[in-house]
Structure formats: C-alpha cells, structure tokens
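# for reference, the sequence and a predicted model appear below.
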Amino acid sequence: MTVLDADDVRRIALSFPETVEKKRWGHPTFDVAGRMFVTVPDDQTSFAVRCPRLEREELIAAEPDKFWVPKHEAGSNWVRARLAALEDADELRDILLDSWQQVAPPGSADVSG
C-alpha cells in the first residue's frame, strides 16, 4: 500500500480549476478565487480542509483515527485529515474537491468526474 504524502495533496489540489499555491505561516496553502481551501501544516503528515462545523463533529466521531481538529482550530470551519489513514488517492481527491467546492466561484468548471 502506498502512503499518500504532501506531494499528492499538491498535485490533486492544483488539478482543480483556478487553483493557486501560496505560502502562509510557512506552509503550502491552496486557494481558489482568493480563498484558501487546503493547507499542509506542520510535519506534512496531514492536511486541513474546510468542513462545516456540524458535519465536522459527525466526521470526527465516525472516523477519529482519520479526522481531528487541533484545539487552536476548534472555532473554525476546518478539519484535519491524516494522510496515512486515507484509503487511496480517490479518497484524498474527494476530500479536497469538497473543500474546493465550498469556496469556488459559482459557475466554476465541473470537476466532479
């Protein structure tokens, strides 16, 4: 089994229309239309994506080994995911796409396929 890494996050994030990579807080972040939708913080074994708070609690409860929220991000609409806990690149793409769609401008290219 191949463990996903920060390069996989970068490759998939940049495959979405209008995505640009920026450096914030010393970490790679990815924006669409000037709004961040993913970052790869700390030691690059995880990534953070947008997630509505109500959905986030359910997600963490369902898969606590995969998803979590650091204390300093508890009030945000972000969740972190451990790269090593993901099943495959398709799951990573689905998670990143969901976050991208939350901030992409209406009418952005359809990337659901």
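Nice, thanks for sending it over.
# and the next helix or strand past the worst-scoring helix or strand of the chain on mean pLDDT?
None of the helices or strands of the chain scores lower by mean pLDDT, DSSP states H and E than helix 53-62, at a mean of 92. Next helix or strand after helix 53-62 toward the C-terminus (DSSP states H and E): strand 67-68.
# what packs against that next one?
helix 53-62, strand 78-82 (3 or more C-beta pairs under 8 Å, 6 or more residues apart in numbering; DSSP states H and E). In this view, the C-beta of every residue, glycine as well, is placed from N, C-alpha and C.
# and with 6 Å instead?
If you count contacts as 3 or more C-beta pairs under 6 Å, 6 or more residues apart in numbering; DSSP states H and E, strand 67-68 packs onto strand 78-82.
# which residues touch stretch 37-44?
Stretch 37-44 has contacts (C-beta atoms under 6 Å, 6 or more residues apart in numbering) with 6, 9, 13, 27-30, 47-50, 96, 99-100, 103.
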